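**Q** have a look at this prediction, sequence included:
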Amino acid sequence: MRRTALFEEHLNLGARMVDFAGWEMPVQYAGVIEEHRAVRASVGVFDLGHMGEIWVRGPHAGAALDRALVSLPSALNPGRAQYSIAVNESGGMIDDLLVYRVADEEWLVVANASNAERVAALLAQRIGTTANVSDESASTAMIAVQGPQSGDLVASLFDAKEADAVRALRNYACRSGEVLIGGTRIPLLVARTGYTGEDGFEFYLPADRAVPLWRALLTPGTSGSPAPQPIGLGARDTLRLEAGMPLFGNELREELTPFDVGLGRVVKFNKGEGVVGDAALTARAAAGARAGRALVGLKITGRGIARHGYEVHQPDGGLIGHITSGTHSPTLGYPIALADLDASASPYPVGEPLDVLIRGERVAAVVTGVPFVPKGSIGTARA
Amino acid sequence: MTSPAELRYSKEHEWVRVQGDRAVIGITAHAANELGDVVFVDLPQVGATLTQFAVFGAVESVKAVSDLFSPISGSVLARNEALSTAPESINADPYGSGWLLEIQLGDPAELSLLLDAAGYDQLTA
């Protein structure tokens, strides 16, 4: 199994380690609920060293990415990021991605751990010699800092002038910088992005500098603020689900197009010749934004937790789809789920009652709006 | 972690406390710790029949659902209703307030198929 540069740190922090996409990763430290609440109320720090970082460089890199992905990376200004998706020729989703334009001729594509090698190979194959594709996943660490107090924590690492610039980063903005920790200069990319539904930042840096940055982030502040907590993949999943963010392998699958899961807005058309999946997605878009399928949020009102793969039925009626993700929401105190439904008969509006089959029994649920927990609703309320 | 000496244990991480012809059952501290934060428990109704080593319910943590296997046969006399509002008792006090069911023992001879505390601790060491 593969290990990130922070593996020993996790063991020393008493983490429970699990196999995640071939990586030995921390699933929890203090406990999923406590970690989840720390991110909603203050700040948490995540090791995301298992994610894939693929750089695409050169004067034609933007145009090449426009053809390789569904979005329009060439339209990004330097220092900005966008959510994107790689699809196959049929428009089926291969992975969802974050694409940063780091400099004029330099893009960073961040892929899920489970798909990193496939995305790197696909970009190399689709881009060919038009631009330079470099999979730097193995030598790159990724650390996320998320929560309403993440700005203070992240700014504290930088000198005063740089700290102001980092605080001023807008959502989906990034900048290259440097921090000095214990005499070690750490060059890094800092971005105002995340996967928790809170304000937050993500750092990309050389893997061999990850330990000092990680330790600096977990050092208690001097102003009496609570010590930042390390957050495992368990809370990462409950946080993203409360925020209604899709997970590849659950909500996003190769059998589905972006339009089937409400991500049609990510797909850009009229990008010229040679765009992978363009014809299939054009046809799919013409059929209507969500024709036939719907990804909906559910609040479970009966007893039990709906899990990935459980059946969803019409009340006293037939099978209409399956749960893609489900958990007990630590913030709301009741079970929530996302479900992929056959919506040819109904769009399943908010308030519609449905049943989930939990261990053979029908349990009542109701369609609810996503995100389940609106961004910043907890931290702001307490601030 | 040392398990209470007065209990008997199954390899599926449930414990039994025998009191005459009745028994209280629950899940072990080891199991509770492995599960993480317990948020929901699905228990059979009073009067239901349990079969030794068969599934009788489920316990859900934030991350996953796990089947509950009965350490012993019998019929359900009472369930710990407090767990419906405080499932976290299973993590906080697995051998006390986190108990699951009280049952009428079906066949006390089945107890010989369970582990003592030393045997269970060895299993989970």
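**A** Great, that's in hand.

**Q** how about the helices in chain A?
**A** Ranges of helices within chain A are A:7-12, A:32-41, A:61-68, A:116-127, A:150-155, A:160-167, A:210-217, A:233-242, A:278-286, A:377-382, based on DSSP state H.

**Q** for B:Val16, find the nearest of the ones you listed.
**A** Closest of the helices of chain A to B:Val16 is helix A:32-41, at 28.9 Å (criterion: C-beta to C-beta). Every C-beta, even on glycine, is put in place using the N, C-alpha and C of the backbone.

**Q** quickly check: the closest one near chain B or not.
**A** Yes - under the criterion of C-beta under 8 Å from any C-beta of the partner chain, chain B is reached by helix A:32-41 at A:Val32, A:Ile33, A:His36.

**Q** quick one: contacts for the residue of chain B found nearest chain A?
**A** Chain A sits closest to B:Val39 of chain B, with a gap of 3.9 Å, by C-beta to the nearest C-beta. Counting by C-beta atoms under 8 Å, 6 or more residues apart in numbering or on different chains, B:Val39 touches A:Ile33, A:Ile305, A:His328, B:Glu60, B:Ser61, B:Val62, B:Pro87, B:Glu88.

**Q** which element is it on?
**A** Assigned by DSSP states H and E, B:Val39 belongs to strand B:38-42.

**Q** how about exporting that strand as PDB, limited to the C-alpha atoms?
**A** Taking C-alpha atoms only, strand B:38-42 is exported to PDB below (Å, rounded to 0.1, in the frame of the first residue of the first chain):
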ATOM      1  CA  VAL B  38     -22.300   5.000  17.000                       C
ATOM      2  CA  VAL B  39     -25.300   7.000  15.700                       C
ATOM      3  CA  PHE B  40     -28.100   4.400  15.300                       C
ATOM      4  CA  VAL B  41     -29.000   1.000  16.600                       C
ATOM      5  CA  ASP B  42     -31.600  -1.300  15.100                       C
END
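
**Q** now for the helix or strand following that strand, which elements pack on it?
**A** For strand B:38-42, the succeeding helix or strand toward the C-terminus, using DSSP H and E, is strand B:49-50. Strand B:49-50 sits against strand B:74-79, with contacts defined as 3 or more C-beta pairs under 8 Å, 6 or more residues apart in numbering or on different chains; DSSP states H and E.

**Q** quick one, what contacts the nearest residue to A:Gly49 once chain neighbours are set aside?
**A** Leaving aside its chain neighbours, A:Gly49 sits nearest to A:Thr4 (3.0 Å; criterion: C-beta to C-beta, 6 or more residues apart in numbering or on different chains). By C-beta under 8 Å, 6+ apart, the residues touching A:Thr4 are A:Trp23, A:Met25, A:Asp47, A:Gly49, A:His50, A:Ala141, A:Ala207, A:Ala210.

**Q** save these as JSON lines, and put in pLDDT, distance to B:Glu81 and neighbour count too.
**A** Shown next, in JSON lines, are those (pLDDT from 0 to 100; distance: C-beta to C-beta, whole Å; neighbours: other C-beta atoms under 10 Å in any protein chain shown):
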{"residue": "A:Trp23", "pLDDT": "97", "distance to B:Glu81": "42", "neighbour count": "20"}
{"residue": "A:Met25", "pLDDT": "98", "distance to B:Glu81": "38", "neighbour count": "27"}
{"residue": "A:Asp47", "pLDDT": "98", "distance to B:Glu81": "41", "neighbour count": "26"}
{"residue": "A:Gly49", "pLDDT": "98", "distance to B:Glu81": "45", "neighbour count": "24"}
{"residue": "A:His50", "pLDDT": "98", "distance to B:Glu81": "42", "neighbour count": "21"}
{"residue": "A:Ala141", "pLDDT": "98", "distance to B:Glu81": "49", "neighbour count": "25"}
{"residue": "A:Ala207", "pLDDT": "98", "distance to B:Glu81": "51", "neighbour count": "17"}
{"residue": "A:Ala210", "pLDDT": "98", "distance to B:Glu81": "48", "neighbour count": "22"}
